[in-house]
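Novice: Got a predicted structure here, sequence first:
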Amino acid sequence: MHLITMAHLGEAQGVIEYFNLKRITPHYFEGELLCCLITGEGPFEAATTTSHYLGQKKFNSVINLGIAGTLSDDFKVGEIYGVRSIYLIIDGKPQFKSFKSFEKGADCLTSFERIVSSQKANKLSGIGHLVDREAWGVAMAAKTCGVSFKCFKLISDVAGTIGACEIVRDNAQNGSLQLAQFLQNIIEDRPSEKNHTELQGFHFTVSTRHKFEQMLKKISIREAIEIDDVAELFNLDELREQKILPKDRTRLLLNQMENKLDPLKEKLESGLQKWKTPLEREGIFIQTDSTWESDEVKLSFSAKTQLELEQKIEILRNLKFKPFENLRNGNFNVE
């Protein structure tokens, strides 16, 4: 079991969703492969929190994963690097005790304070390559408890630049997902895979991106084609031409992929939509169980006048329930 430590919930959200972790406390999440601990900022706060959980449960390794600012042009924003050594910085000065993560990689400085000026960043650039707020504390806790420790950092910004906090905030969702996918690769000990969700005109959240990647693999196996060729099975240009939000375009694409994997479901959904459409045109909406296990149907509508209310009630009186029953019984005729 791995203990993943991250400074903030925002950067950890991708890991929590990607690995289906269950919230145990506001700062601690558990799953089958790993647990995730939100340490907060500050080296001593991180050390205290990590030590507490290492004393509660046996872990094979501790992996500090998160964002860092770069102090060197050799380490680029948007890339993830393994950390070689971690140093503690107090009042701009390195302290005696340091910790090692890898034999090669970037040297990370854990600072007692946020580095918000270029002057402070320039002074630190001669000591290390990256700067964060928690890695040293996590490393100290892991080494003290005799647990294997590794550290990886996603470069979020250039330390000390104006507007760095805004840059980090704006890229938080993408960075969170990037960290989650990277974590999966290192846990499974395999090289990073190509990101297939860079589709122009589509917007993927953490959950829809994961769902998309999983269906790509399944369709690739079923159709006996390469993953890179799966997208050619769908008319992406037609979806792009629809005047809808990118996230809705993604939802339609995922529906098409699900139908490709399950033709029976496609027939069910087509029949259901045929039954629902006339009512939806009248402002009456039908909700059914997506798994088709329940025969319950929920209807909703709004009315502004007594006349409108009576009209919709009359439409409902003429609603035939039989088409829905036919679909659930495997009869796709909804006439």
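Specialist: Received the coordinates, thanks.
Novice: Tell me the helix or strand right after the lowest-mean-pLDDT helix or strand in the chain.
Specialist: The helix or strand of the chain with the lowest confidence, counting by mean pLDDT, DSSP states H and E, is helix 164-170 at a mean of 53. Reading on from helix 164-170 to the C-terminus, the next helix or strand found by DSSP states H and E is helix 172-187.
Novice: Point out the other helices and strands that that following helix packs with.
Specialist: Where contact means 3 or more Cβ pairs under 8 Å, 6 or more residues apart in numbering; DSSP states H and E, helix 172-187 is packed against strand 2-6, helix 9-18, strand 61-70, strand 80-90, strand 148-158, helix 206-223. (Each C-beta comes from the backbone N, C-alpha and C, glycine too.)
Novice: Mean pLDDT and distance to Ile127 added to these, as CSV?
Specialist: Shown next, in CSV, are those (pLDDT from 0 to 100; distance: least, Cβ to Cβ, whole Å):
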stretch, mean pLDDT, distance to Ile127
strand 2-6, 92, 23
helix 9-18, 86, 24
strand 61-70, 89, 13
strand 80-90, 87, 7
strand 148-158, 88, 16
helix 206-223, 81, 35
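Novice: Please tabulate the ones you listed in JSON lines, including the columns mean neighbour count and distance to Lys104.
Specialist: Listed next are the helices and strands packed on helix 172-187 as JSON lines, based on neighbours: other Cβ atoms under 10 Å; distance: least, Cβ to Cβ, whole Å:
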{"stretch": "strand 2-6", "mean neighbour count": "25", "distance to Lys104": "22"}
{"stretch": "helix 9-18", "mean neighbour count": "21", "distance to Lys104": "25"}
{"stretch": "strand 61-70", "mean neighbour count": "25", "distance to Lys104": "17"}
{"stretch": "strand 80-90", "mean neighbour count": "20", "distance to Lys104": "6"}
{"stretch": "strand 148-158", "mean neighbour count": "22", "distance to Lys104": "13"}
{"stretch": "helix 206-223", "mean neighbour count": "16", "distance to Lys104": "30"}
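Novice: closest to Phe96 out of these?
Specialist: When the helices and strands packed on helix 172-187 are compared by Cβ to Cβ, strand 80-90 sits nearest Phe96, at 8.7 Å.
Novice: Tell me which strands the closest one pairs with, and in which orientation.
Specialist: Neighbouring strands of strand 80-90 in its sheet, by DSSP bridges, are strand 93-100 (antiparallel), strand 106-111 (parallel), strand 148-158 (antiparallel).
Novice: Which one, of these, ends up nearest to Leu319?
Specialist: Closest to Leu319 of the strands paired with strand 80-90 is strand 148-158 (Cβ to Cβ; 53.3 Å).
Novice: Now do the closest one against strand 61-70, angle only.
Specialist: Between the axes of strand 148-158 and strand 61-70, defined by axes from the mean of the first three to the mean of the last three Cα atoms, to 10 degrees, the angle is 20 degrees.
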